[in-house]
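Visitor: From the sequence below, what's the structure:
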Amino acid sequence: MDLQCILCWRIAPLFFLMPCGLLSVSVHVINEQPVHVIPGSSLVLKAQIELGPMKEISMVTWEQEPETGSDPVRVTLATCPGRSLKCVGTRPNVRMSMEQQETTLQINGYSRADGGVYTVTVTDHTGAKTAAQCIVREYEAVHHVSVSINVSHSVLVCGEAWGTDPRFSWLHERDAITQTVGKVSKDGTRLIVTMTPICGHFTCMVSNKLGYSSATYTAAPCETQGRGTTVAVVCLVLLLLLCGGVLAFLLWRRQRCGHRGERLHEHLDDGI
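Guide: A predicted model of the protein is given here:
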């Protein structure tokens, strides 16, 4: 038997013993999903390509299609042949780059129409294709904050409509929540009220990168030391005003009596 054939027969089984990862191509999107983008800013997606030693990249393509719809149409955004640095975008605001085993897609001036499902496809030299997807959505401001109460459990619940990445915080009479007032849940949506009775204004603040909104639950007014101090100050002021009035009256009366004495003395002198 020919020596070359003998070597082929001996080497061939080694390919079956090789791990599958050494003979295949894999790709995954690095960004945490779903990706939320503020309108007008830049969308940047990155994907890591793992290439087996027996494989070569023929083409890398980024595509986009609507997230919902009965018949979504996939549109090609950018392509890059092999490891070439000459990647081409289909629109002026679309850029694509390849660096080692990583590909980057950037869309400047993101708009609502740019949302949807993004697909990165890697084609090897044999024509085999491997793809990965991620969902891109518009970053929404917080909307319609509301506060409700579960009276039986003394729990205030804060709700928000559809804002992206909402963060919750609570105030009682414009001050941060203390242990004497209550305890806030880990996600911030609930306030377990420990103060008795429940009184005053409880405000839920919901915020994200685009701003904030709030809602307030109003209970019965609180009898606080501050109010007692205010009443005491008012009473003191009234007492001072009363004392001042009495003193002014006494001075006025003394001055009037003094004038009468002078006039009486003048009359006596005239009679003499």
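
Visitor: how about low-confidence regions in the protein?
Guide: Applying pLDDT under 70 to the chain flags residues 1-23, 54, 83-85, 224-232, 252, 256-272.

Visitor: can you tell me which residues contact the most centrally placed residue in it?
Guide: The structure's the chain has its C-alpha centroid closest to Asn208; by C-alpha atoms, centre = their mean the separation is 2.5 Å. Taking C-beta atoms under 8 Å, 6 or more residues apart in numbering, we find Asn208 in contact with Tyr139, Ala141, Val142, Gly163, Thr164, Asp165, Pro166, Arg167. C-beta here means a position set from N, CA and C on the backbone, and glycine is covered the same way.

Visitor: starting at the chain centroid, how far to whatever helix or strand Ala131 lives in?
Guide: According to DSSP states H and E, Ala131 maps onto strand 129-138. Computed by C-alpha atoms, centre = their mean, to the nearest Å, the chain-centroid distance of strand 129-138 equals 23 Å.

Visitor: re earlier: for the residue nearest to the centre of the chain, phi and psi?
Guide: phi -150, psi -160 (degrees, to the nearest 10).

Visitor: ok, which stretches of the stretch 101-250 of the chain are strands?
Guide: 102-107, 116-124, 129-138, 146-150, 155-159, 167-172, 175-176, 182-184, 190-193, 201-208, 211-218 (DSSP state E, counting those that start in this stretch).

Visitor: And the third one, what's buried?
Guide: The neighbour-count criterion (16 or more other C-beta atoms under 10 Å) identifies Thr130, Ala132, Cys134, Val136, Arg137 as the buried residues of strand 129-138.

Visitor: just the last one next, same as before
Guide: When neighbours are counted by 16+ other C-beta under 10 Å, the buried residues of strand 211-218 are found to be Ser213, Ala215, Tyr217.

Visitor: now the angle between strand 201-208 and that strand, please.
Guide: Interaxial angle of strand 211-218 relative to strand 201-208 (axes from the mean of the first three to the mean of the last three C-alpha atoms, to 10 degrees): 160 degrees.

Visitor: neighbouring strands for strand 211-218, and are they parallel or not?
Guide: Here strand 211-218 is paired, per DSSP bridges, with strand 201-208 (antiparallel).

Visitor: same check, this time on the longest one
Guide: Partners of strand 129-138 in the sheet, by DSSP bridges, are strand 35-37 (parallel), strand 116-124 (antiparallel).

Visitor: How is this protein divided into domains?
Guide: Domain segmentation of the chain under automatic domain parsing yields 22-138, 146-218.

Visitor: Can you lay out those domains as TSV showing distance to Leu250?
Guide: Output for the domains of the chain, formatted as TSV (distance: least, C-beta to C-beta, whole Å):
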stretch	distance to Leu250
domain 22-138	74
domain 146-218	45
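
Visitor: Grab the nearest non-local neighbour of Ser41.
Guide: Nearest non-adjacent residue to Ser41, counting by C-beta to C-beta, 6 or more residues apart in numbering: Tyr110, 5.8 Å away.

Visitor: wait, isn't that neighbour in contact with Val44?
Guide: No: when contacts are counted by C-beta atoms under 8 Å, Tyr110 is not listed as touching Val44 (9.9 Å).

Visitor: the more surrounded of these two?
Guide: Tyr110 (20 against 15; other C-beta atoms under 10 Å).

Visitor: separation between the more buried one and Glu140?
Guide: Per C-beta to C-beta, to the nearest Å, Tyr110 is found 13 Å from Glu140.

Visitor: now the helices for this structure?
Guide: With DSSP state H as the criterion, the chain has helices at 3-17, 225-271.

Visitor: Run the chain-centre distance for stretch 56-68.
Guide: 30 Å.

Visitor: which parts of that stretch are buried?
Guide: Quick answer for stretch 56-68 (16+ other C-beta under 10 Å): Ile57, Ser58, Met59, Val60, Thr61, Trp62, Glu63, Gln64.

Visitor: From the residues you listed, which land in strands?
Guide: The members of the buried residues of stretch 56-68 that map onto strands under DSSP state E are Ile57, Ser58, Met59, Val60, Thr61, Trp62, Glu63, Gln64.
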